[in-house]
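> need a structure here:
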Amino acid sequence: MNYSFFAMVSRMKYIDRWALMRNTENESLDSHSKEVAVIAHALALIGNKRFGKSYNPDRAAVLGLYHDAHEIITGDMPTPVKYQNDDILCAFKAVEDSANAKLLAKLPEDLRDAFAPLLTGEGDEDLQLLVKAADKLSALIKCIEERKAGNTEFSEAEAATRRKICQANIPEADVFVEEFLPAYELTLDRL
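Predicted structure coming up:
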């Protein structure tokens, strides 16, 4: 029997994010997921080293890799649409769940239970908070990059994303913002 799960996951490189925004450089779901994985791993390590947590950084990274896998099927739903009201958000959550079920069906049955929590985050609630923070940090980095390229289209998104990160009150994300985010403002020569 042939299974297409990994062939579908490899198609993340074809899914563009920020569809409603004028971009100076397109961002694929693939590159976004990799960045979220790297940042989630870092946040878990920060939590362990600075705040006495016992996160599994490797698990955080893998959850980051798969956190938006449903978008292979659904595409990237723009934030202003997705969060317009509770009815739309609830309906979109059902669409995400359906997409995840379709992806899981593309695996052999004996692997589905191992991949299901990677797609849904269920059972990893503490790490899921870090992945969500990493997702917001990745969005903020995209906004910074667009601003640096002279694109003002992302100005409001940058301000709103900064507020959301601050309001989330996740100490690991606060450390990342304070200690690592400023370097994203630098040119290659200054890095």
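
> What distance do you get for the residue nearest the centre of the chain to Glu35?
The centre of the chain sits closest to Asp135, judged by Cα atoms, centre = their mean, with a distance of 3.4 Å. Asp135 sits at a distance of 9 Å from Glu35 (criterion: Cβ to Cβ, to the nearest Å). Placement of C-beta: from N, CA and C, glycine included.

> With Lys132 instead?
Distance of Lys132 to Glu35, given as Cβ to Cβ: 14 Å.

> Over to Ala157?
Taking Cβ to Cβ, one finds Ala157 at 16 Å from Glu35.

> swap in Gln167?
Distance, Gln167 to Glu35, by Cβ to Cβ: 22 Å.

> ok, now Phe176?
Phe176 is 12 Å from Glu35, where distance means Cβ to Cβ.

> Then Met12?
To Glu35, Met12 is 12 Å away according to Cβ to Cβ.

> Might you list the low-confidence residue ranges for the chain?
Along the chain, the model assigns pLDDT under 70 to residues 78-83.

> all helices for it, in order.
Remark: helices assigned in the chain by DSSP state H are 5-9, 29-51, 57-66, 71-74, 79-82, 86-104, 109-120, 125-148, 155-168, 171-179.

> Dump those into a markdown table; add distance to Thr187 as well.
Compiled in a markdown table, the helices of the chain are given as follows (distance: least, Cβ to Cβ, whole Å):
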| stretch | distance to Thr187 |
| --- | --- |
| helix 5-9 | 34 |
| helix 29-51 | 19 |
| helix 57-66 | 27 |
| helix 71-74 | 32 |
| helix 79-82 | 29 |
| helix 86-104 | 38 |
| helix 109-120 | 36 |
| helix 125-148 | 9 |
| helix 155-168 | 19 |
| helix 171-179 | 19 |
